[in-house]
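Undergrad: Coordinates only, no sequence provided:
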C-alpha cells in the first residue's frame, strides 16, 4: 500500500466502532438467547441467594472451589448489587463479542504494523457456534486471551520483556480462573509468536544463514520466555487431584464430528446462510495461497497451525465437559484469517475493495444475528410469562420437548428452568451435576430421576444413544410428592391421560403449566426400562461449560 497515511479500517475510531457494533444483536433480548446461559443464570441465583435463604440447601449443594471455570461466576458478585442479576449477566455477555473484535483487530495491528483489509473477514466469528451454545465462561476467556496476546506482542515489540514477565504471572492466573481453555489458547499463541521472534533474533544476530539449529534454539528460548504463563499449571494439578473430582476424557479423533464443527463455526438459525458464510472464510484462506497479492504472516500463520494441531488432537469430551474440540475450531480459523495481509504491491484501490467487502460481510452477519436474536427474544417473552403463575419457592419440574435429530436452529429453551430459579426461586431440574466441575450440585433426593440435567429434555420417542426420555415415560415417573408444578415447553404429542391429576393453569401454543393436585403416583409404562439409571449423558451434556 502507498504512503504512511492510515486508511479508514486502520484507524482507532474504526476499531472502536466495530467493537461496539458487535454488541448490537444483544441489545434487544432481555436474556441473551444462548443455549446454556439460562442454566448458568439459575446457578448464579443460587450462588447469590443461598446464604440469605438457607432452605436452598435442601435442593442444592453450593461450595466455592478453586476451579478453572469461574469467569462470570465471579464477575456477578460486584455487579449484581448494582444492576440486578439479569442485567449484570447481559452486560457481561455483551462485552464478550466486543472484546473478541477488539482483540482480533489489536493482534492484527501488532503483527502486521497496520490492520490489513483482510482482517475484517474474521470479525463475524465473535458470534461463533460456541458462543451461541452459551459456553460463556469459555467465550469470555477466549476474548480475554486475544486481548492479552495483543498486549504480549506489544510489550515484546517495545522490548519491555522483564515487565511483561512480571505482569503476565497474575494475568495468566486470572485468565485460567476465568476458564482453562482461554489460558491454554494464550499459551499456544504466545509460544508460537515467541518462536518466530527468537528465531529471527538468532538468525539476524549471526551470519544470516538459516538452519535447523536456529529453530531448535528458538523452541527452547520460546519455552523459557513463556514460563510466566506456567503458574496455572500448578492450579490445574490442585484442581484435578481432589478426591471429589469426577468427569472423564473420551471420544478421541472423531473425524466426522470435527468436520461438522468446522462447517458449524457460524451456526445460528438459517443453515444455508450460516454454512455459506463459513465458506466465505474458507475462500479467503484459500485466496491467501493462490493470490500473489496476498500473503500469510509467519507469526500468526504458525499460531494458526499450532491451534489446528491442538484441534485435531483434542477429544470431544475433556474432564466430562463435552464439545471440547468444537470450541476451538472458530478461533483457530479467526487467527488464520487475521494472519493474511495484502502485499505492498497491492494498490490502494484493491485494499479498499477488500476492506469494503470484509466490512459488508461483518455487517451482514451482524444484521442476521440481530434478526435471529430478536425472534428468540419474542419466543422467550412468550414462554416466560408462565412464571407469572408460579409462586415463590415452588418445586417446579420442567420438561422441554425436542426431536431426536439435531435441528440446526435450537429453540434456545433447553435450560429455561434456570430462569424459574432466577425469577421465582423455584426448583430447577436442568443443572449439570458433577462434583469438581462446577460449584453447584443437586442434592434434592426426593426429585429422584428429575434432580438434574438432562431430566428436563423429553422427546416423542426413545432416541438411540441419548439419555433423553420420551415424554410418555417422563410424566408417569414424576415423584408427585416432590413437586408442586409441571411446566411443559415445546410439548411433543402425548396421551392426555398422562396428566390426569394435573390442573392446567397457563397455556400458550405447545407450552402448558400444570399444578399437581392429585399426589397419587400413576403406574409406570410397561415398555419403560425402569432399572436404567439416569446419568449425565456424554453426547450433549456438559458439566463444565
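TA: That came through, no problem. For clarity, every value in this text was computed on a predicted model and none was experimentally measured.
Undergrad: Show the average pLDDT along the helix or strand hosting residue 361.
TA: Using DSSP states H and E, residue 361 falls within helix 348-384. For helix 348-384, mean pLDDT rounds to 94.
Undergrad: For it, name the packing helices and strands.
TA: helix 271-290, strand 340-342 (3 or more CB pairs under 8 Å, 6 or more residues apart in numbering; DSSP states H and E). In short, each C-beta sits where N, CA and C put it, glycine included.
Undergrad: What is the three-state secondary structure of residue 31?
TA: Per DSSP: H, G, I helix; E, B strand; the rest coil, the local secondary structure of residue 31 is coil.
Undergrad: so which of the helices and strands packed on helix 348-384 is the most packed in?
TA: A comparison of the helices and strands packed on helix 348-384 by mean neighbour count, using mean count of other CB atoms under 10 Å, puts strand 340-342 on top with a mean of 24.
Undergrad: Can you list the strands that it pairs with?
TA: The strands beside strand 340-342 in its sheet (DSSP bridges) come out as strand 294-296 (antiparallel).
Undergrad: which is the next helix or strand following the partner strand?
TA: Per DSSP H and E, strand 294-296 leads on to helix 298-313 as the next helix or strand towards the C-terminus.
Undergrad: quick one on the thing from earlier: and the helices and strands packed on helix 348-384, which one is worst for confidence?
TA: strand 340-342 (a mean of 87).
Undergrad: Tell me which residues are up against that one.
TA: 1, 112, 116-119, 284-285, 287-288, 293-297, 350-351, 354 (CB atoms under 8 Å, 6 or more residues apart in numbering).
Undergrad: Distance from the chain centre to that strand, please.
TA: Its chain's average C-alpha position is 29 Å from that of strand 340-342, according to CA atoms, centre = their mean, to the nearest Å.
Undergrad: quick one: low-confidence ranges for the stretch 151-300 of the chain?
TA: For the stretch 151-300 of the chain, the stretches with pLDDT under 70 are 202-213, 240-248, 250.
Undergrad: go on, the stretch 301-450 of the chain?
TA: 319-320, 345-346, 435-436.
Undergrad: do that again at 80, thanks
TA: Flagging of the stretch 301-450 of the chain using pLDDT under 80 yields the residue ranges 316-322, 343-350, 433-438.
Undergrad: Spell out for me which residue occupies the centre of the chain.
TA: Central residue of the chain (CA atoms, centre = their mean): residue 135, 2.4 Å from the mean position.
Undergrad: Please report how far that residue lies from residue 331.
TA: In this view, residue 135 and residue 331 are 12 Å apart by CB to CB, to the nearest Å.
Undergrad: And residue 23, by the same measure?
TA: Distance, residue 23 to residue 331, using CB to CB: 19 Å.
Undergrad: Tell me which of those two has more neighbours.
TA: Ranked by neighbour count (other CB atoms under 10 Å), residue 23 and residue 331 place residue 331 first, with 28 against 18.
Undergrad: Could I get the contacting residues of the closest residue to the more buried one other than its chain neighbours?
TA: Computed as CB to CB, 6 or more residues apart in numbering, the closest residue to residue 331 that is not its neighbour in sequence is residue 142, at 5.7 Å. Residues near residue 142 by CB under 8 Å, 6+ apart: 100, 179, 181-182, 185, 331.
Undergrad: Residue 142: which element?
TA: Here residue 142 is assigned to helix 136-157, by DSSP H and E.
Undergrad: quick one on the thing from earlier: is the residue nearest to the centre of the chain in contact with residue 327, as I believe?
TA: Yes - applying CB atoms under 8 Å, one finds residue 135 in contact with residue 327, separated by 6.1 Å.
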